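Enquirer: what follows is a predicted protein model with its sequence.
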Amino acid sequence: MTWRQRLLLKSQAMNIAEELSKEYIRRAGKEEFPRNTDVMMDVAATLFGLDVVFDDQGMLDSRFGDDHRIIGCLFPEGHASPWGRDKLVVVNVTPPRCCREAEPRIEAEKRRRREAGEREGILMHVCKEDTFDPRPYNKNHTIAHEIIGHYALHFRKGVGGEHFRRPTYCRNPQATRKPPLEWQADYAAGEFLMPRDKVIWILDGQQPPAVINIDDGLKKRFREYFDASQAMMELRLIYLGYKLINPVYKWADYTKQEEDRRGEVQKKLRGREQERERQERLKAAKAFADIGRKLKQGSPFDGIGDAFAGFGDPFAGLGDPFGQAFKGFDGIFSGFGGRNFRNQRRK
Ligand SMILES: [Zn+2]
Ligand SMILES: [Zn+2]
C-alpha cells in the first residue's frame, strides 16, 4: 500500500508506532522503559536490521559544509553512507566548529599560564550566537525519529515518494513550522518513546485536552520514566493535545499561545494599515518624480506652471518662494540654465 503524504494522519503515525512497539516487546520478551539510547539501538537492529553510529568526527558536517544543523540521518538500503555501507542511522554528536577550535587554544593558554607561574583563572569559550550544537538533542529521540518515522512510516510505505528513496538528512529547522514529513516522524517517534497510555498514566489519568501544570514533580517523574529532554516532554504533551502551564519553552505555553494568537490578529491589522500608508507614500513619490521629469524636459521654465499644478499654491506664504523651493533641486537644474533662471527672476 502506498500512502500519499497528505493522507497520512496522526492516527496512522500512532498506529504504526503502536504495532512496532508490540512487535518489539514480543521479540525482546520484555517491556522496557525508558526506551533510552541503548534500547533504541536494539530496536533498530531487532526490528529492521539497521545499525546506529554516532558521528563525533564531523563527517556529516564536512559533507554539507559548515553548520547545517544536522541532528541525524538515515541511509536506507541501497544508499551508501560516508561510512561505506547502507542500512545505517547516524546520530550527529560532533561539537560545533568554534568549540572544537577553541579547545586547543584554551589548553595552550592554560599550559602557558601554569609554566609562567601565573594564576590559571577562568578560561572559557563562548560560542558564536547562532552556533548549532547537536549534542544536547535526545539521542533516543533522534534514533526513533529516523527508524520509526522515516524508515518504517515513510521509506517502507513509499510515503513522500522520491524524497524517501534517498538518504534522509534531518536538520533542526530554524523556522518554527516543521515540514509535514518531519512532524509525522516526530509524532511516530514520540508515540514509540512515550506511548499515549503511559503518558496518561504518568499524569494520573488526565487525558487531553486537560490543562497540565509542568511543576517540578511532574518534570522529574516524566523525564526519568521516558528518558526525555524537557523539550521532548513538552513537545509530546502538546502533540497529544494537552494545554501546558509553566512549561520551560515559550512555544509550549498555553497561555502565551492565546496571547500570541491575539497578537497575530493585531499584527495583521497593523500590517494592513502600514500597507495602505506605504501605497500612499508611493503615490506621492510617483507624483513628485513626474514633476522632476517634466522639469528636466526641454526648457526649465516651460514645465513649471504645470509641474506645480498639483500642489495648489505651494509657495504661498514662503516670502522668497523660488529661492526656498529650488534649493533642493540642484541636481535637476544644474547644467541647463540655473543662472538664466536666477537672472530672469530678478527682472
Ligand atoms: Zn563554540
Ligand atoms: Zn527527519
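Expert: Structure's in. What do you need? Ligands and ions are numbered 1, 2, ... in the order given.
Enquirer: lowest-confidence helix or strand of this protein?
Expert: Every helix and strand of the chain was ranked by mean pLDDT, DSSP states H and E. The lowest is helix 330-333, at a mean of 36.
Enquirer: could you identify the longest helix within the protein?
Expert: Counting residues, the longest helix found in the chain (DSSP state H) is helix 254-296.
Enquirer: how far is that one from where the chain is centred?
Expert: What separates the centre of helix 254-296 from the centre of its chain is 27 Å, taken as CA atoms, centre = their mean, to the nearest Å.
Enquirer: counting neighbours, what do you get for Pro209?
Expert: Close neighbours of Pro209, defined as other CB atoms under 10 Å, add up to 11. (Glycine included, C-beta is placed from N, CA and C.)
Enquirer: from the stretch 151-300 of the chain, which residue is nearest to ligand 1?
Expert: Closest contact between the stretch 151-300 of the chain and ligand 1, by CB to the ion, is at Asn172 (15.9 Å).
Enquirer: quick one: that residue and ligand 2, what's the gap?
Expert: In this view, Asn172 and ligand 2 are 10 Å apart by CB to the ion, to the nearest Å.
Enquirer: count of residues packed around that residue?
Expert: Neighbour count for Asn172, taken as other CB under 10 Å: 14.
Enquirer: skipping its backbone neighbours, what lies nearest it in space?
Expert: Counting by CB to CB, 6 or more residues apart in numbering, Asn172 lies nearest to Arg69, which is 4.5 Å off, once chain neighbours are set aside.
Enquirer: where does the one you found fall, phi/psi-wise?
Expert: Torsion angles at Arg69 (phi, psi; degrees, to the nearest 10) stand at phi 60, psi 40.
Enquirer: what sits against Glu19?
Expert: Contact criterion CB atoms under 8 Å, 6 or more residues apart in numbering gives no residues in contact with Glu19.
Enquirer: could you rerun that using 10 Å?
Expert: The contact partners of Glu19, by CB atoms under 10 Å, 6 or more residues apart in numbering, come to Ala152.
Enquirer: okay but Thr255 is in contact with Arg262, surely?
Expert: No: using CB atoms under 10 Å, Thr255 makes no contact with Arg262, being 11.2 Å away.
Enquirer: would you confirm that Met233 contacts Pro247?
Expert: Yes: counting by CB under 10 Å, Pro247 is a contact partner of Met233 at 8.7 Å.
Enquirer: neighbour count: those two, which is higher?
Expert: More neighbours surround Met233 than the other of Met233 and Pro247, with 26 against 22 (other CB under 10 Å).
Enquirer: do you know the pLDDT at the residue in the stretch 101-250 of the chain positioned nearest to ligand 1?
Expert: Nearest to ligand 1 in the stretch 101-250 of the chain, going by CB to the ion, is Cys127, at a distance of 3.3 Å. Here the pLDDT value assigned to Cys127 is 87.
Enquirer: neighbours of it, just the number please.
Expert: Counted by other CB under 10 Å, the residues lying close to Cys127 total 14.
Enquirer: what's the neighbour count on the nearest residue in space to it that is not next to it in sequence?
Expert: Ranked by CB to CB, 6+ apart and with sequence neighbours excluded, the top spatial neighbour of Cys127 is Cys98, at 5.6 Å. Number of residues near Cys98 (other CB under 10 Å) recorded here: 16.
Enquirer: would you agree Val91 falls within a strand?
Expert: Yes: judged by DSSP: H, G, I helix; E, B strand; the rest coil, Val91 forms part of a strand.
Enquirer: for it, list each beta-bridge partner.
Expert: Phe54, Gly72 (DSSP bridges).
Enquirer: check contacts around it.
Expert: Contact partners of Val91, counting by CB under 10 Å, 6+ apart, are 37, 40-41, 52-56, 60, 70-73, 134-135, 137-143, 146, 170.
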